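Visitor: I need the structure of the sequence given here:
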Amino acid sequence: MQVTGKCHCEAISFQAEVDPGRAVLCHCTDCRVMSGAPYRSIIQTRETDFKLLSGQPKMYYKYGESGNRRELAFCDTCGSHLYATSVGDEPNRLFGLRTGILDQCEDLRPTLQVWCLSEVSWAQDVSQIQRVDKVPGA
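Guide: This next block holds a predicted model:
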């Protein structure tokens, strides 16, 4: 499936090929802190299946719990997170695209949850929380 995405300010845009059955929710602490949410939704694409259409991401480097160095791409204007990947030029690197910035986000229902030892206790059942279609004045 071809997907398209862009950062919030639209300075960076891209397209990629993904397998829609491979979307995941990540509960790791880093995803929580960096997204500002209790978990993050991700779908993988091969670096060779990713095409930058406009703009140039800024890179941030961190070490994962595994000890491996990770490269995180984001827009240095609006701060939108784009993807994470391994560091280096190994063949067929995988980019973990952030599904929230994809135009096809609605079609990418997660099929797996990872790093569940780190999940917040209330993340699984939000069905009983009051719902409002829009926040007035926002």
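Visitor: Tell me the helix or strand right after the lowest-mean-pLDDT helix or strand in the chain.
Guide: Ranking every helix and strand in the chain by mean pLDDT, DSSP states H and E puts helix 29-35 at the bottom, with a mean of 89. Remark: after helix 29-35, the chain's next helix or strand is strand 40-46, criterion DSSP states H and E.
Visitor: Name every sheet partner of that next one and say whether each one runs parallel or antiparallel.
Guide: Strand 40-46 has its sheet partners listed here by DSSP bridges as strand 23-26 (antiparallel), strand 94-98 (antiparallel).
Visitor: Next, the buried residues of that strand.
Guide: Across strand 40-46, burial judged by 16 or more other CB atoms under 10 Å covers 40-45. All C-beta atoms are positioned from the backbone trio N, CA, C, and that covers glycine.
Visitor: now do stretch 110-119
Guide: Within stretch 110-119, the residues scored as buried using 16+ other CB under 10 Å are 110, 114-115, 119.
Visitor: Would you pull up how far the least confident helix or strand of the chain lies from the middle of the chain?
Guide: 11 Å (CA atoms, centre = their mean, to the nearest Å).
Visitor: Glu106 should be in a helix, yeah?
Guide: Yes - secondary structure of Glu106 (DSSP: H, G, I helix; E, B strand; the rest coil): part of a helix.
Visitor: coming back round to it: wait, which of the strands paired with strand 40-46 is closest to Ala16?
Guide: When the strands paired with strand 40-46 are compared by CB to CB, strand 94-98 sits nearest Ala16, at 6.3 Å.
Visitor: Residues touching that closest one, excluding its own?
Guide: By CB atoms under 8 Å, 6 or more residues apart in numbering, the list of residues contacting strand 94-98 from outside reads 3, 5, 16, 18, 35, 40-47, 50, 80-86.
Visitor: pLDDT (mean, whole number) over the helix or strand following that strand?
Guide: Once the chain leaves strand 94-98, the next helix or strand it forms, by DSSP H and E, is strand 112-114. Mean pLDDT, computed over strand 112-114, is 95.
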